[in-house]
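Peer 1: The following comprises the amino acid sequence and a computationally predicted model.
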Amino acid sequence: MMYFVSFGAVRRRAGQSLMMFILAGLLATVAAAAPWYGLAAATRAAQAHVSTAPIQQKVLLANKEGDTGGDPRAALDAFGATVGGLLPLPGARPVAGIEAEMRYVDPRKANVPSQLPLAYRDDFCAHARLTGKCPSAPGEVALTARAADAMTKRTGDTLPLKPASGTTPLLLRITAIYEPTDPVYWSDPLFLSHGDLDAGFTTLDTFRQPALGHAVFSNDVVVPEALLRGDDGYDLESQLDSAKEAFSAGQITLSDPTDPLLVAVYNGKAAVARGVLIPLGLVVVLGWFAFALAGRFTGRDRREDAGLLKLRGSTRGGIMRLATGQHLVPLIAGAVAGMPLGFLAGWLLAGRLPVRTEWWLAVLASLAAVLIVLLGGLLALTLVDTIAHRAPVVALLRRVPATRGDWRSLAIDVAFVALAVGAAYQARSGGPANGLGVAAPALVALAVALILARLLRGLADRAGGAAVRAGRLRAGLTAVRFSRQPGTDRVFALVVVSVAVFALSLGGLLAGRAEQHARAEQELGADRVLTVSAATRTRLLDAVRHADPSGRYAMAAVVDSKSSPPILAVDTTRLAAVTGMTFPAAAPPPAPLPLITGRRLELSVTSAQRQQTRLGLTLQHEGTGAVVQAEFTHIRPGANTVSAAVPGCATAPGCRLVNWDMFAGPDVTGSLTIHSLTQQEPSATVLDSATLADASRWRTDFTGLAVQLATDDGLKIAPAAKTADAVIIGTRVYAVDTSLPLPLLLAGPTPSGWRFDDATLPGFGAAATAARIVGRPAVLPVVGRTGVMADLDSLRRLGFEGGTFQVWLASDAPASVVRAIGLPVLDDRTVAGRAADLAAEDSVVTAQFGLFTVGIAVLLAAAMVAVGAAVEQEPQAEQLRALRVQGLSRRAALSTAYAGSTALVLAGLAAGVLAALVARPLAGVVAPAFADGWDVLPPPGALGGSALLLALLFALAVLGVTAWLSALPLIRRLR
């Protein structure tokens, strides 16, 4: 019978029940969305870690030494079956390979053999760029250009090799020159250079030779991304731990580099869980507070029901069942309506659904979350009714509100302010994730709201009385309503907190996106960056300049992160066009020396040495970057004309002169004077005596004891005067074809070895180079806050090699330019793609859900504005009708009806903006930190003008429409 009474009460109080339904629906929506979004975002964050991790962290390498038994295919298959049985990885595709250490004996250096690994791998030719024919028959081999140049071999030559332990020779025929193209395939160091020469690749049948009977078997597998993410509950870490003992027992070496990635994935999922639970907890607490406040607002009619039931002898339990029954109907209806909306919101926010095997978990978690949230709301409503129903019958039946117990509310306000102070201290001292620091922004905003509510209530009380006495009835009635209506200050506080946390969340989201884009630009340097494979820096420069003669769209760059400090080398002539950055102008370099295009060189030289000597000449091809060594021998005392072959310079565009290298033995004295250098086939003068005598065109080493130079009837060079403590004795004279000292930009502290203007830049493959600092930016692209930027063409002319070869592209670079570059592309990254990867990281991926939850908080505040207006509608209508009888104008009555909720909303909006501005510095609100701790650039402000404006417009639209709609029933009554 009591439940029928409850249903009847719900029908009579449909407006109040509708408000409870809306509150329950909003909380059910956010509670149901959290698990769906959390599971999908965790998968997305894990995928971000997996996709951006170095390939070396995703490849498991298994190898074992053994004998082929004359059948390498069977041996490889048996080894692969053993590895697959010990460590089954669903969906994995292993790559089998075999490698044997061989030696190459250079006829010119018979006593110093060079190590050359000879290898086979499945699908080798599909993962390499071949110039020539893919090895397909026994005894055929493919080499790298570097290895072939070192051995002076070409396609079609015979390559004699000897096993590391044995003397039986193995003759192979070179059929191709290869370049690695797929970084995933080439991630196994076993098949890279780990000796003097890069590995040569042959067919598997070649390993039937007795000289290759003992080898190293390999079985490499790229772990599928689903297993690294932990989809379907797969625990890769435990599988690896259990398999390692079995591998060890089988004398198989297992290289497992996945641990850092698995730890990052685990931590990322934990961070996503925190990022979902913290804003969810905030909006749930605000929702429970809204339920309690709504229960207080709507409790007047239930107090009358309780008073009448007490007069008729009902028990306390019966009264509570009646009150609880009135709450259950809208709560259950709100949960039923909110759950599907939550599923949809979680899907739309995450942009994806959780993996299919986690759907059941998402459904159960959503049901549990909705149940917990609604039970908490029911408990809040029941607690409010229980406290209210303890009053005497006379108090329950009285329609005039009781006197406000201000000391209790004051104690609560002081407690919250103290809590906000502690939370702000923890946030500023230990970070936002430390203890109460996670709630610091909301608590500081709440403290500001409570303080302002007390100030405004007192001010409204005094101003309202003064306005009524002065005859300004509209202002006076509005102010008195705010100051004397119970619970209005709490609604004001809820509006302030919701607006403040929404503004801070939106500011953090926008700042995070700006920070992600700024980081992507800093890490890449240009809008699009290709990582390419090229034999030399010269080849890289030549390919890019030929692909884009205009210099508007493409620029060559090399990153040498192993240098100290790290070096970013860029083509400064194109830097401004491609990236918008500028490099300070340097003094123009001297006019370049003529290129050598002949097949043979002839040298006129006079020797003042007592014995026969020789003179070396280093050239570099301007198209390929290949080094061509020429040696002029049999230089006798007196005048000489000697020659040397340079067939590598005959192809266009020819070779530039790099340096002269004189032979300086321990007893060598006397000078060499170079008078001229001419070329044959075709015949031309390369250097005449005037050019050779120009001192500005030649230099010695920058460190150690340098050769002695003079310019008299040509270039005169003599050995350095040796001293007892000399460590480095130079023998070279370099052609000057770039600006010196080398201009560079330096970020970070000056290296310890640099003194004042005496700067030297070390590099792989080059002696230390004199340099001068022409600018000191705080941050440089790619290398960050510690490194240097210099001109790529100057560095390669100074002998710098190595590094990561890149092509930087402008945002409007046409596809034809990219195709024309013609170099194997190892990686292709864009600023937009990198920013998207950063947006998927665990530390920022939940920002959208956080904004969604605080958006729900604004809707909760709007609902409470509507509840407050609804419960006061009847008494306010009676008051205004009474005042109309006493002479209040119709216009004043209508404007007063509108002004009540409108004034509350406008005051709450202004106070919310103020609370956000106060909470940002006090609570240490900044853009979300990156998961890897990256802090090269200072973070942008977390509460910019655009964020404040957008938050204010959203809150004004929601709360303003709510205030207008909630006033319409009162307006209709008054009309």
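Peer 2: It's in. Residues are numbered from 1 along each chain as shown.
Peer 1: What strands flank the helix or strand where Ala557 lies, and is each parallel or antiparallel?
Peer 2: Ala557 belongs to strand 554-560 when assigned by DSSP states H and E. Strand pairing for strand 554-560, using DSSP bridges, gives strand 567-570 (antiparallel), strand 804-809 (antiparallel).
Peer 1: who's in contact with the nearest residue to Val918 once chain neighbours are set aside?
Peer 2: Spatial nearest neighbour of Val918, excluding adjacent residues (Cβ to Cβ, 6 or more residues apart in numbering): Val448 at 5.4 Å. Any C-beta I mention is one placed from the backbone N, CA and C, and that applies to glycine too. Val448 makes contact with Val496, Ala500, Ala911, Leu914, Ala915, Val918, Ala919 under the criterion Cβ atoms under 8 Å, 6 or more residues apart in numbering.
Peer 1: Am I right that Ala710 sits in a helix?
Peer 2: No - with DSSP: H, G, I helix; E, B strand; the rest coil as the criterion, Ala710 is strand rather than part of a helix.
Peer 1: how about it, what does it touch?
Peer 2: For Ala710, the contacting residues are Ser671, Lys716, Ile717, Ala718, by Cβ under 8 Å, 6+ apart.
Peer 1: before we move on, back to that, nearest to His49, of the strands paired with strand 554-560?
Peer 2: When the strands paired with strand 554-560 are compared by Cβ to Cβ, strand 804-809 sits nearest His49, at 22.1 Å.
Peer 1: What mean pLDDT does the closest one get?
Peer 2: For strand 804-809, mean pLDDT is 95.
Peer 1: same deal with stretch 376-386?
Peer 2: Stretch 376-386 shows a mean pLDDT of 78.
Peer 1: for that stretch, which positions count as buried?
Peer 2: Residues Gly376, Gly377, Leu378, Ala380, Leu381, Thr382, Val384, Asp385 are the ones in stretch 376-386 that count as buried (16 or more other Cβ atoms under 10 Å).
Peer 1: Can I get those residues in JSON lines including secondary structure and distance to Ala526?
Peer 2: Below are the buried residues of stretch 376-386 laid out as JSON lines (DSSP: H, G, I helix; E, B strand; the rest coil; distance: Cβ to Cβ, whole Å):
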{"residue": "Gly376", "secondary structure": "helix", "distance to Ala526": "53"}
{"residue": "Gly377", "secondary structure": "helix", "distance to Ala526": "54"}
{"residue": "Leu378", "secondary structure": "helix", "distance to Ala526": "58"}
{"residue": "Ala380", "secondary structure": "helix", "distance to Ala526": "56"}
{"residue": "Leu381", "secondary structure": "helix", "distance to Ala526": "60"}
{"residue": "Thr382", "secondary structure": "helix", "distance to Ala526": "63"}
{"residue": "Val384", "secondary structure": "helix", "distance to Ala526": "62"}
{"residue": "Asp385", "secondary structure": "helix", "distance to Ala526": "66"}
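Peer 1: Going by distance to Trp360, which of these wins?
Peer 2: Gly376 (24.8 Å).
Peer 1: Ala290 is in contact with that closest one, correct?
Peer 2: No - if you go by Cβ atoms under 8 Å, Gly376 and Ala290 don't touch, sitting 11.4 Å apart.
Peer 1: quick one: stretch 709-725 to chain centroid distance?
Peer 2: The chain centroid and the centroid of stretch 709-725 are separated by 54 Å, computed with Cα atoms, centre = their mean, to the nearest Å.
Peer 1: ugh, wrong one, I meant stretch 953-967
Peer 2: Centre to centre, stretch against its chain (Cα atoms, centre = their mean), the figure for stretch 953-967 is 39 Å.
Peer 1: ok, residues contacting it?
Peer 2: 495, 498-499, 502, 855, 858-859, 861-863, 865-866, 869-870, 897-898, 900-902, 904-905, 908-909, 912.
Peer 1: make it 7 Å
Peer 2: Identification of contacts with stretch 953-967 by Cβ atoms under 7 Å, 6 or more residues apart in numbering yields 495, 499, 502, 858-859, 861-862, 865-866, 869-870, 897-898, 901-902, 905, 909, 912.
Peer 1: can I get the CA coordinates of it in PDB?
Peer 2: Extracted as PDB, the C-alpha positions of stretch 953-967 are listed here (Å, rounded to 0.1, in the frame of the first residue of the first chain):
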ATOM      1  CA  LEU A 953      30.200  30.900 -23.600                       C
ATOM      2  CA  PHE A 954      29.400  27.200 -23.000                       C
ATOM      3  CA  ALA A 955      28.400  27.800 -19.400                       C
ATOM      4  CA  LEU A 956      26.400  30.900 -20.300                       C
ATOM      5  CA  ALA A 957      24.500  28.900 -22.900                       C
ATOM      6  CA  VAL A 958      23.700  26.000 -20.600                       C
ATOM      7  CA  LEU A 959      23.000  28.000 -17.500                       C
ATOM      8  CA  GLY A 960      21.400  30.900 -19.200                       C
ATOM      9  CA  VAL A 961      18.900  28.700 -21.100                       C
ATOM     10  CA  THR A 962      18.200  26.800 -17.900                       C
ATOM     11  CA  ALA A 963      17.500  30.000 -16.000                       C
ATOM     12  CA  TRP A 964      15.200  31.300 -18.800                       C
ATOM     13  CA  LEU A 965      13.300  28.000 -19.100                       C
ATOM     14  CA  SER A 966      12.900  27.700 -15.300                       C
ATOM     15  CA  ALA A 967      11.400  31.100 -15.000                       C
END
